[in-house]
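**Student:** What would the 3D arrangement of this be:
(2 chains)
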Number of protein chains: 2
Amino acid sequence: MENFLWHNPTEIIFGKDTVKDLAEYLKKDGVKGVLLVYGGKGIFKSGAYAQATEMLNKAGIAFSEVNDIKSNPRIDKVREGIARVKAGGIDAIMPVGGGSVFDSAKAIAAGSCYSGDVWDFFEGKAKIERALPIYGILTASASSSEANGIAVVSNPEKESKVSMNSPLVYPKVSVIDPSFQFTLPQKQTVYGGVDIIAHILERVLDGDEGSELIDEQGYALIRTMMRVIPELIENPKDYDARAEYALAGMMAHNGFLSVGRKTRGDFSSHRMGHSLSLLFGAAHGASLSVVMPAWARYLYEENPVPFARLGEAVFDIYDGTDEEKALDAIDALEDFFKDINAPTTLRELGIKEEDIEKIAANASKGQTFGVLKALAPEDVLEIYKLAY
Amino acid sequence: MENFLWHNPTEIIFGKDTVKDLAEYLKKDGVKGVLLVYGGKGIFKSGAYAQATEMLNKAGIAFSEVNDIKSNPRIDKVREGIARVKAGGIDAIMPVGGGSVFDSAKAIAAGSCYSGDVWDFFEGKAKIERALPIYGILTASASSSEANGIAVVSNPEKESKVSMNSPLVYPKVSVIDPSFQFTLPQKQTVYGGVDIIAHILERVLDGDEGSELIDEQGYALIRTMMRVIPELIENPKDYDARAEYALAGMMAHNGFLSVGRKTRGDFSSHRMGHSLSLLFGAAHGASLSVVMPAWARYLYEENPVPFARLGEAVFDIYDGTDEEKALDAIDALEDFFKDINAPTTLRELGIKEEDIEKIAANASKGQTFGVLKALAPEDVLEIYKLAY
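**Tutor:** Model (predicted):
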């Protein structure tokens, strides 16, 4: 096991009817004005907007809004939020939404305390030195953004979807009320679930011995997700299933599954998925259910062990050689994605064969990346072809 | 799943040769003088004392010492530490040791900021309002004290061993270098391991539905402990096994296994074990390997389900009714304790049959306690008889 640092400062308020509890935190911290950050109609339907604004009104805290944050959030909305903060009266950021909204809020929180352009943080041209505090209300689990310091934002001008990461943008407090997720479209439950599973797989399949205990924690999280996604397709208002999903979503990418590993994980699939979102608007989860099985098939023969372990722990596959178990595990994972109506081919995303080279070039940018296997541009091209 | 709050502010520095890294934290926080709190010779043997004092000397930070903290630590040593702090020059507490040392450090940290007697916190007569920061160096895993806000201290005058709990006494930073545990006596590795397993069982066996995901995390932790304890009996200097043990020890009782449960767990076995330590000086872990199987046998017929689930997830017991699986699981747990040379009877602790009534009276204090089953004084007596 490798040495590691672990610190996750976010306070989690988890459960039904808990938005109102946020007021005491805001008052204790002397917050006078917040910037509400949100997407579209979802938070009106779920009741999250009404509860948030009622809480703020009762607490006597003023608010402004930046809204219409899309999935795969864009830097222009972040800049709009920063401009609003710089106009005055705002001393905290309050995302009400899912990962895209939290990610945008983090970029706004940091960019508001910086004199240059916020994209500098994403390009590594500047380091975050300060950020406004974030008090968030989660309405869709997937990215763990409610409990980590990561933000992924797209810059269409630069054909770039990249992340920034800082201990200064962990939410100070995150409210996770699973019942806000009752009204999510089924697709979002499925794609969020795929994203959560991908975050776990990107650790347990990175080929690093790391910690057997942490891998076991990861396998248990995957088993939970595979149990609750079908339950939620059946009954989207099953509170306990929503709660398990939200808890797993928070745990999958809050950093703990990376402890003891040489790298923090192998995020090749996320990187290859990002290009599908950026160039073809693919939903983030859908991009992952397409890319992951192809990535796995491309390299399992060289690296069967992590896939074989996954097969044993998650899919009860005990027969055969490690290679055979690995292939069975990949098949089983792909079958699960099909069972929950997640796409597994580029064609299902409406992508044409002639687009593949462009996609591969966007993902690679001429670089080699990856942990389990270092993927040169020609490897990446082959993986997209397998995914076609 | 029940609503919950989750916040664990402790920063963990985990791994080999990491004590030196503590210096930058102390300097950043402006610490000028620390009270080193430790037990006996162990930290000289492991090298922890030498590394801690070298780090402090290099950082130009003065220190005083309170030492000779015993397992089942006593309030008089805590008072001694508080007196030393109040004499001046100390602005942080640095436990170097295991749970007893960390627990004592927490009581010192809180008691040093209080004008009354520190025992008031344990009797619930006063609430902790302030505490000095704690920067700890763990040399024996068992209690998770390095990552929680709990302190258990004995008061022999009052024949009382009780706990206090405050968010203000979480260590600010804990260094966990598993290699310090290479030199632990085998008994301590075994008893620490039993304590860790007990902390997990006291959650997954509390009879509350809570979260299936959290139970799964707990089962995985138990499987890890059952794997690494025998490995460490075989080879006490197996770094990876020590690291898994230390990581599991930190996770078992840092509060996360309690999230989503109605209560924080059923700590009846700990309570009954405490009386054996207090009255007969039983090692904490030894008291638990004696009490837990007896507790389980006394009540599993009324409550077979959590024991049956444990049997499936940890001991691969799939045959029979829930009652049969439950009994098989209890047998398997007791067999495991025997295999690792942990006592499972009061007799092995040198306790005589005629002492049982006194022990039961001390544990019950005329009260009923317990979650899975409410234990009246007569139930407690029967459990000790079963343990004889």
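
**Student:** Near chain B, which residues of chain A are found?
**Tutor:** Neighbours of chain B within chain A, by CB under 8 Å from any CB of the partner chain: A:1-16, A:18, A:209, A:211-214, A:216-217, A:219-221, A:223-224, A:227, A:239-240, A:243-244, A:247-248, A:259-260. (Each C-beta comes from the backbone N, C-alpha and C, glycine too.)

**Student:** Just the ones of the residues you listed in helices?
**Tutor:** A:212-214, A:216-217, A:219-221, A:223-224, A:227, A:239-240, A:243-244, A:247-248 (DSSP state H).

**Student:** so where's the stretch 251-388 of chain A uncertain?
**Tutor:** For the stretch 251-388 of chain A, no stretch is flagged by pLDDT under 70.

**Student:** so how many other residues sit close to A:Ala243?
**Tutor:** A:Ala243: 26 surrounding residues under other CB atoms under 10 Å in any protein chain shown.

**Student:** With A:Ser71 instead?
**Tutor:** Residues near A:Ser71, counting by other CB under 10 Å, number 21.

**Student:** How is it assigned, secondary-structure-wise?
**Tutor:** coil (DSSP: H, G, I helix; E, B strand; the rest coil).

**Student:** which residues touch it?
**Tutor:** Shown in contact with A:Ser71 (CB atoms under 8 Å, 6 or more residues apart in numbering or on different chains): A:39, A:98, A:100, A:283-284.

**Student:** 10 Å - rerun?
**Tutor:** Applying CB atoms under 10 Å, 6 or more residues apart in numbering or on different chains to A:Ser71 gives the contacts A:39-40, A:97-101, A:140, A:142, A:154, A:188, A:191, A:277, A:281, A:283-285.

**Student:** cool, A:Val153 as well?
**Tutor:** Contact analysis of A:Val153 by CB under 10 Å, 6+ apart lists A:72-78, A:100, A:103-104, A:106-107, A:118-119, A:121-122, A:160-164.

**Student:** re the thing from before, which members of the contacts of A:Ser71 occur in strands, if any?
**Tutor:** Members of these lying in strands (criterion: DSSP state E): A:97, A:154.

**Student:** I'd like to know which of the contacts of A:Ser71 are buried.
**Tutor:** Neighbour-count burial (16 or more other CB atoms under 10 Å in any protein chain shown) applied to the contacts of A:Ser71 gives A:39, A:97-101, A:140, A:142, A:154, A:188, A:191, A:277, A:283-285.

**Student:** nearest to chain B, of those residues?
**Tutor:** Set against chain B, the nearest of these by CB to the nearest CB is A:Ala142 (16.2 Å).

**Student:** and that closest one, what pLDDT?
**Tutor:** pLDDT for A:Ala142: 95.

**Student:** wait, doesn't it sit right on A:His284?
**Tutor:** Yes - in this structure A:Ala142 lies within contact range of A:His284 using CB atoms under 10 Å: 7.6 Å.

**Student:** if you take the average position of chain A, which residue is closest to it?
**Tutor:** Nearest residue to the geometric centre of chain A (CA atoms, centre = their mean): A:Ser143, 2.2 Å.

**Student:** give the contact list for that residue.
**Tutor:** Going by CB under 10 Å, 6+ apart, the list of residues near A:Ser143 reads A:98-100, A:102-103, A:150-152, A:192, A:195-196, A:199, A:249-250, A:252-253, A:284.

**Student:** In helices, which of those fall?
**Tutor:** A:99-100, A:102-103, A:192, A:195-196, A:199, A:249-250, A:252, A:284.

**Student:** Would you mind checking those for buried ones?
**Tutor:** Buried positions within the ones in helices among the contacts of A:Ser143, assessed by neighbour count (16+ other CB under 10 Å), are A:99-100, A:102-103, A:192, A:195-196, A:199, A:249-250, A:252, A:284.

**Student:** a strand runs through A:Phe63, doesn't it?
**Tutor:** Yes - the assignment for A:Phe63 is a strand, going by three-state DSSP.

**Student:** neighbours of it, just the number please.
**Tutor:** Neighbours of A:Phe63 under the rule other CB under 10 Å: 16.

**Student:** mind listing what it touches?
**Tutor:** Taking CB under 10 Å, 6+ apart, one finds A:33-36, A:52-53, A:56-57, A:89-90, A:92, A:94 in contact with A:Phe63.

**Student:** Put the buried members of those residues into a PyMOL selection.
**Tutor:** Those of these that count as buried under 16+ other CB under 10 Å are selected in PyMOL with:
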select buried, chain A and resi 34+35+36+52+56+90+92+94
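
**Student:** Which two among the contacts of A:Phe63 are spaced furthest apart?
**Tutor:** Distance extremes for those: the farthest pair is A:Ala52 and A:Gly89 at 17.7 Å, using CB to CB.

**Student:** count of residues packed around A:Lys161?
**Tutor:** A:Lys161 has 26 neighbours, counted by other CB under 10 Å.

**Student:** quick one: it is in a strand?
**Tutor:** Yes - assessed by three-state DSSP, A:Lys161 belongs to a strand.

**Student:** give me the beta-bridge partners of it?
**Tutor:** A:Ser154 (DSSP bridges).

**Student:** My read is that it contacts A:Phe122, right?
**Tutor:** Yes - contact criterion CB under 10 Å: A:Lys161 and A:Phe122 qualify, at 9.4 Å.

**Student:** what do these two both touch?
**Tutor:** By CB under 10 Å, 6+ apart, A:Lys161 and A:Phe122 have these common neighbours: A:75, A:152-155.

**Student:** Quick check: the closest residue to A:Gly210 other than its chain neighbours vs A:Ser287, distance?
**Tutor:** Counting by CB to CB, 6 or more residues apart in numbering or on different chains, A:Gly210 lies nearest to A:Arg261, which is 3.9 Å off, once chain neighbours are set aside. Per CB to CB, to the nearest Å, A:Arg261 is found 24 Å from A:Ser287.

**Student:** same question, A:Asp215
**Tutor:** Using CB to CB, A:Asp215 is found at 25 Å from A:Ser287.

**Student:** Looking at the two, which is more packed in?
**Tutor:** Neighbour count, other CB under 10 Å: between A:Asp215 and A:Ser287, A:Ser287 has more, with 30 against 24.

**Student:** Next SSE downstream of the one helix or strand that one maps to?
**Tutor:** Here A:Ser287 sits within helix A:284-299, counting by DSSP states H and E. Scanning forward in sequence from helix A:284-299 by DSSP H and E, the next helix or strand is helix A:304-315.

**Student:** Buried residues, that next one. List them.
**Tutor:** Across helix A:304-315, burial judged by 16+ other CB under 10 Å covers A:304, A:306-311, A:313-315.

**Student:** the inter-axis angle of that helix versus helix A:284-299?
**Tutor:** Interaxial angle of helix A:304-315 relative to helix A:284-299 (axes from the mean of the first three to the mean of the last three CA atoms, to 10 degrees): 130 degrees.

**Student:** Which elements pack onto helix A:304-315?
**Tutor:** helix A:186-204, helix A:212-234, helix A:284-299, helix A:322-339 (3 or more CB pairs under 10 Å, 6 or more residues apart in numbering or on different chains; DSSP states H and E).

**Student:** who wins for proximity to B:Val204 among these?
**Tutor:** Closest of the helices and strands packed on helix A:304-315 to B:Val204 is helix A:212-234, at 12.4 Å (criterion: CB to CB).
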